[in-house]
Structure formats: structure tokens, C-alpha cells
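Q: show me the folded form of this:
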Amino acid sequence: MRNVCEVLLPAAWSIWCLYWFGAAFATKPARRSESLRSRLTHYVPLILAVMLLSSPHFAGHLLDQRFLPRSAALFWIGAVLLLGGLLFSVAARRHLGGNWSSRVTLKEGHTLTRSGPYRVVRHPIYTGILLAMAGNAIALGEWRGLVAVLLTLAAFLHKIQIEERYMLEQFSEAYERYRREVAALIPGVL
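A: Numbering: from 1, shown residues only. Purely as a prediction, here's the structure:
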């Protein structure tokens, strides 16, 4: 069981990262982009979250303590949530197509996507990644996993504010209507 734990989660994240990196080359040129300073406000917490998940040594003694008991059932529940979240984020990214960017941008010929996963939530990539992070935290069972989820949530909530401002400027009333009709991250909640 321990070997599966040590291999499955990092392998899932690695495959996801390879797809994410490869798909980055199939995007439209940016017309407007956020500044480096703005990017750092959400990149830094994400980098810290990744470091916490990937290295118990980075977390220190306090955060590598367990908040959940070691259990095969909890590991598999977490692994399923992680895989489901990663797949949901990939589906959202594929649906967004050339409008995607790792930083907040408006693309040339940018369109407002309201179909596919974007019918369920306005930011399904973030929803998927948060679900994956929560699954990872459950499978890991250590406090560092929960801290990573909170850092990711804080980063995404901040980035959503910036993105929404860009989208309102670009699509005004159509985006305002979309905001009224579809939740940002969790249907009926956020």
C-alpha cells in the first residue's frame, strides 16, 4: 500500500503537469495581460502549496503531523477526488481552448465561454484543481495538505477578482448576467 501511495499521487500530478505544459502552446496571442507584480500575488501562494504537498521536509515537524488516521479507504477516497478534480480541470481547459492562459489575460478574439464545465461554475479549472488538492490532502492525511488547500484557495480567490474585473471590462452586461446565473467555484456556494 505504501508504494502505491508514494507513486500514484505524484504520477497523477506529473501527467497533469505534462498535459498542462503541452497545451500551453495552443493558445491565442494575448492582447492585454496582468503585470508581474499582480501575478506574484497568486503565484507565490500556489508555489508554497506545491512545495508543501511535494516535500514533508519543507513543511516542518508541525505540518507533517497527521490530521486523519492512516487508512486505505481514506487514501482511495482522496485519490479518486484528486483524479476527478484533475480530469475536471483538463475538461475545462480543453473547453476553454485558445482563451486559456496561466496569467490573467484578454486574448485576441477572446470569447465568453459559458458552455461545458463553464455552465456549472465560472472558474472550473480552479474548481478542479481545488478538488484535486483536497483529495491529495485527504490521501496524505497530514496538516501540510490542508494548508496547501487553503493557500490554493486564497490564491484562486485573489486571481478570480482580477479575472472578473478583466471579463467585466471586456463583456460588460453579458458577463454580469453570467455572474448572476453561475457560481464562481462551487455551485450554489461560492
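Q: can you tell me which helix in this structure is longest?
A: Ranked by residue count and defined by DSSP state H, the top helix of the chain is helix 143-181.
Q: wait, Ser33 touches Ser102, no?
A: No - in terms of Cβ atoms under 8 Å, Ser33 does not count as a neighbour of Ser102; the distance is 10.4 Å. The C-beta positions use only the backbone N, C-alpha and C, and glycine is treated the same way.
Q: higher neighbour count, these two?
A: Ser33 (15 against 11; other Cβ atoms under 10 Å).
Q: where's the more buried one relative to Pro117, distance?
A: Distance from Ser33 to Pro117, counting by Cβ to Cβ, to the nearest Å: 24 Å.
Q: again with Gly128
A: 8 Å.
Q: list residues touching both of those two?
A: Residues touching both Gly128 and Pro117 (Cβ atoms under 8 Å, 6 or more residues apart in numbering): Phe88, Ala91, Ala92.
Q: tell me which element the first one falls in.
A: Read it as Phe88. helix 72-96 (DSSP states H and E).
Q: where in the chain is pLDDT low?
A: 1-3, 5, 190 (pLDDT under 70).
Q: mind redoing it with 80?
A: Applying pLDDT under 80 to the chain picks out residues 1-6, 56-57, 59-60, 188-190.
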